[in-house]
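**Q** Structure of the sequence below:
(one chain, ligands or ions: 1)
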Amino acid sequence: MSLVRCDGIVQIYKARDVELVALRDVDLTIEAGETVALLGPSGAGKSTLLWLLAGLLRPSAGRLWLDGTDLGRLDQRRLDRLRATRIGMVLQQPARNLIGYLSAAQNVAFAQRAAGRDRRRAAELLRRVGLGDAGGRPAGSMSGGEQQRLAVAVALANKPGLLLADEPTSQLDEESGTRVVELIKRAAAADGTTAVVVTHDAAVSRALSRTVTIRDGRVGAESRRGEDFVVVGREGAVQVPPEYHHLLPPGSMARIEELEDGIALRRAEA
Ligand SMILES: Nc1ncnc2c1ncn2[C@@H]1O[C@H](COP(=O)(O)OP(=O)(O)OP(=O)(O)O)[C@@H](O)[C@H]1O
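**A** This next block holds a predicted model:
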């Protein structure tokens, strides 16, 4: 059984009279222990997918399973419990993950309240993100980069089954970014934590086991073990990757040629 299964997820935001389709028919499965980089241009729908996986949003259509549990069937109380015990989340703005007047150590302890205190793990996590000596400092007094590292420690405090991180290295230098990636990989190897990380950082995506690229609200491409693939979506839709747009620009006509093991697309002269 997959840890995450998205089946035809659609997310529509409604603002006044305008409807915006942020995700359309997203099908995706993620196995336990995978570390997935979620890539794609700005506005593609990456954060939206993360919020849906976290149970912070309910999809407009489609179904979403976490470890066999259909999130759509949980009432709010059960969903809150599942989030507190099974999911670790790092939001895009570092300060929003933390309680500013509590110390770094207290923030980690607060995150452990639902599953039980583990002081040794808390200290170890702070050390691994390079904040071993900063446990007593109020989170609100920390720099953006320190807050980002603390947010990752907080998100991993409970050994979550699923870590969801939205650009967790955006404010970090290379060394701190590497620490965070190593911690995520360690959590996957040691605790079986599955990670989905939205990132624009090529070093982060290279370090994780799989990439999934969202474009225009759809899963357009994937790569595994360094090999790139396009994903054939519902109704056979395939997104031509931007690096081939000079050969097949959007809106151009193409001929389909059948091959033994697939098809080729050739530009037709209009
Ligand atoms: N709360 C909201 N209300 C209305 N529209 C929204 C809301 N949140 C996101 N959107 C829109 O949905 C689309 C997808 O947004 P999303 O933040 O998921 O993209 P993203 O891939 O994470 O982008 P970025 O890399 O810039 O963070 C965008 O067009 C965005 O403007």
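
**Q** Following the record's annotation, map out the domains of this structure.
**A** 4-239, 244-270 (automatic domain parsing).

**Q** Stretch 90-109: which residues count as buried?
**A** Applying a neighbour-count criterion of 16 or more other C-beta atoms under 10 Å, the buried positions in stretch 90-109 are 90-92, 94, 97-98, 103-109. Every C-beta, even on glycine, is put in place using the N, C-alpha and C of the backbone.

**Q** same question, stretch 212-231
**A** Going by neighbour count (16+ other C-beta under 10 Å), the buried part of stretch 212-231 is 212-215, 217-223, 231.

**Q** Pull the most distant pair out of those.
**A** The largest distance within the buried residues of stretch 212-231, taken as C-beta to C-beta, falls between 217 and 223 and amounts to 19.7 Å.

**Q** roughly how far apart are residue 137 and residue 119?
**A** Here the criterion is C-beta to C-beta, to the nearest Å. By it, residue 137 lies 18 Å from residue 119.

**Q** Please identify which of these two sits among more neighbours.
**A** The residue with more neighbours, out of residue 137 and residue 119, is residue 137; 15 against 11, by other C-beta atoms under 10 Å.

**Q** I'd say that one and residue 103 touch.
**A** Yes - counting by C-beta atoms under 8 Å, a contact exists between residue 137 and residue 103, whose distance comes to 6.1 Å.

**Q** quick one, strands of the stretch 101-250 of the chain?
**A** In the stretch 101-250 of the chain, the strands defined using DSSP state E, counting those that start in this stretch lie at 162-166, 194-198, 210-215, 218-224, 227-230.

**Q** Make CSV out of the ones you listed and add distance to residue 262 and mean pLDDT.
**A** Supplementary listing: the strands of the stretch 101-250 of the chain in CSV, determined by distance: least, C-beta to C-beta, whole Å; pLDDT from 0 to 100:
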stretch, distance to residue 262, mean pLDDT
strand 162-166, 34, 97
strand 194-198, 29, 97
strand 210-215, 20, 95
strand 218-224, 16, 92
strand 227-230, 11, 90
